[in-house]
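Engineer: 3D, please:
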Amino acid sequence: MNHPVKQITALGFPWETSDPFLFCVHHEDFYPKGNKDLGPESTLEGRNLGNDFTIKDGFRMYHGTTVPGFPAHPHRGFETVTIAKKGLVDHSDSIGAAGRFGNGDVQWMTAGRGVQHSEMFPLLNDKEANPFELFQIWLNLPKSKKMVDPHFAMLWKEDIPVYEQLDDNGNKTIVDVIAGELNNLKAVNPAPDSWASDPANEIAIWTIRMEADAVFKLPKASEGVNRRLYFYKGDSLKIASKAVPIYHAVRLGVDQEVLVENGAEEAQLLLLQGRPIDEPVVQHGPFVMNTAQEIQNTMHVFQSTQFGGWPWPSHDHVHAKDAGRFAKFADGSIVKK
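Structural biologist: The predicted structure follows:
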């Protein structure tokens with residue numbers, strides 16, 4: 001039987017992915033206490049505001065100038081899955097949907113034929129630091145779904161299935177099953193037009209936490225499915241007896257169970273898995289289509305329509321400090337948590 005570890009690569013920014021995934025980035029920032037505008041209560045001098053991706057004083061502002069984050073920008077032709085592990089994200093978009101989510105919540109957005117959205121990181125705590133950690137994952141759409149209507153969904157922390165396993169020595173592994181299925185534990189439904197909505201595509205998005213010295217077996221998947229495991233926090237790890245350095249990704253075969261053995265510190269990992277769409281990918285920034293002509297058409301449509309325009313007071317809109325966790329959908333319905 002072939003060794004399941006096919007490739008080990010250092011993690012960069014962003015992280016390398018396999019079809020059907022397009023992009024994965026891990027943000028971790030240690031924001032100070034917030035000010036009255038929900039931005040950092042510290043000087044922003046010496047930063048390249050508007051394009052601040054260099055960690056200074058423990059944090060970045062990204063494209064934000066008052067509140068850190070990503071003001072209004074367009075997408076077409078794929079989906080974003082945003083896992084807010086720590087801190088809060090304020091979402092606003094061009095179809096009128098909005099929300100505040102975080103501390104374990106996940107947002108699943110189908111850009112489809114085109115949407116603008118903003119993702120701002122309000123610093124609500126004005127007494128203490130505001131730690132922040134987030135994954136954003138881009139999942140491609142097949143040609144048949146690239147022009148579907150945009151869709152915005154929330155997967156609240158309280159609803160995300162959690163798989164727990166004790167190994168023979170009592171060491172625990174905890175898996176948040178954001179997409180897919182693990183030992184008959186099924187994730188909540190993804191967005192309806194997603195590649196993940198068909199179980200035959202075996203999409204899995206799992207965040208994994210292993211106690212020190214814990215041992216865990218990854219299950220098999222079907223032939224042709226792509227799988228990558230990202231080891232981003234911890235000390236040391238062995239996968240099928242092969243040592244994996246911290247902050248490295250492993251491309252894995254799926255034709256056999258794979259033993260993961262953690263080292264002397266807690267480890268945190270991300271697993272991305274899925275059957276490839278196996279169609280041409282032509283990407284221009286936030287637009288992902290199948291041909292260069294489709295990209296040109298997309299740019300023309302966005303320039304002329306702005307994908308419906310921007311209905312919010314500013315491109316870096318944040319919600320009221322006391323808004324709490326909520327989702328407002330395009331049909332006007334509101335969910336509060």
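
Engineer: Can you give me the distance of the nearest residue to D193 once chain neighbours are set aside to V25?
Structural biologist: Closest residue in space to D193, ignoring its immediate chain neighbours: V148 at 4.4 Å, by C-beta to C-beta, 6 or more residues apart in numbering. In this view, the C-beta of every residue, glycine as well, is placed from N, C-alpha and C. Distance, V148 to V25, by C-beta to C-beta, to the nearest Å: 24 Å.

Engineer: So which of the two has more stuff around it?
Structural biologist: V148 (16 against 13; other C-beta atoms under 10 Å).

Engineer: Surely the more buried one and G112 touch.
Structural biologist: Yes - V148 lies in contact with G112 (C-beta atoms under 8 Å); the separation is 4.1 Å.

Engineer: what's the overlap in contacts for these two?
Structural biologist: 141, 193 (C-beta atoms under 8 Å, 6 or more residues apart in numbering).

Engineer: tell me the contacts of V115?
Structural biologist: Counting by C-beta under 8 Å, 6+ apart, V115 has contacts 74-76, 93-95, 109, 150, 307-308.

Engineer: again, only this time at 7 Å
Structural biologist: V115 is in contact with 75, 93-95, 150, 307, counting by C-beta atoms under 7 Å, 6 or more residues apart in numbering.

Engineer: Quick one: those residues as a markdown table, columns for pLDDT and neighbour count too.
Structural biologist: Output for these, formatted as a markdown table (pLDDT from 0 to 100; neighbours: other C-beta atoms under 10 Å):
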| residue | pLDDT | neighbour count |
| --- | --- | --- |
| H75 | 98 | 24 |
| D93 | 97 | 25 |
| S94 | 96 | 22 |
| I95 | 94 | 19 |
| P150 | 97 | 25 |
| F307 | 96 | 21 |
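
Engineer: Please flag which of those sit within strands.
Structural biologist: Using DSSP state E, the members of the contacts of V115 that fall in strands are 75, 93.

Engineer: Among the contacts of V115, give me the pair with the biggest separation.
Structural biologist: The distance between the two most remote of the contacts of V115 (C-beta to C-beta) is 12.0 Å, for H75 and I95.

Engineer: can you give me the strands for the stretch 1-150 of the chain?
Structural biologist: Here the stretch 1-150 of the chain has its strands, by DSSP state E, counting those that start in this stretch, at 5-10, 21-31, 69-75, 78-86, 88-93, 98-102, 106-110, 115-120, 130-140.

Engineer: Turn these into JSON lines, columns for distance to K337.
Structural biologist: Formatted as JSON lines, these follow (distance: least, C-beta to C-beta, whole Å):
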{"stretch": "strand 5-10", "distance to K337": "38"}
{"stretch": "strand 21-31", "distance to K337": "22"}
{"stretch": "strand 69-75", "distance to K337": "21"}
{"stretch": "strand 78-86", "distance to K337": "13"}
{"stretch": "strand 88-93", "distance to K337": "12"}
{"stretch": "strand 98-102", "distance to K337": "8"}
{"stretch": "strand 106-110", "distance to K337": "13"}
{"stretch": "strand 115-120", "distance to K337": "18"}
{"stretch": "strand 130-140", "distance to K337": "18"}
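
Engineer: And those strands: which comes nearest L229?
Structural biologist: Closest of the strands of the stretch 1-150 of the chain to L229 is strand 5-10, at 9.5 Å (criterion: C-beta to C-beta).

Engineer: List the buried residues of that closest one.
Structural biologist: V5 (16 or more other C-beta atoms under 10 Å).

Engineer: All good on my end, thank you.
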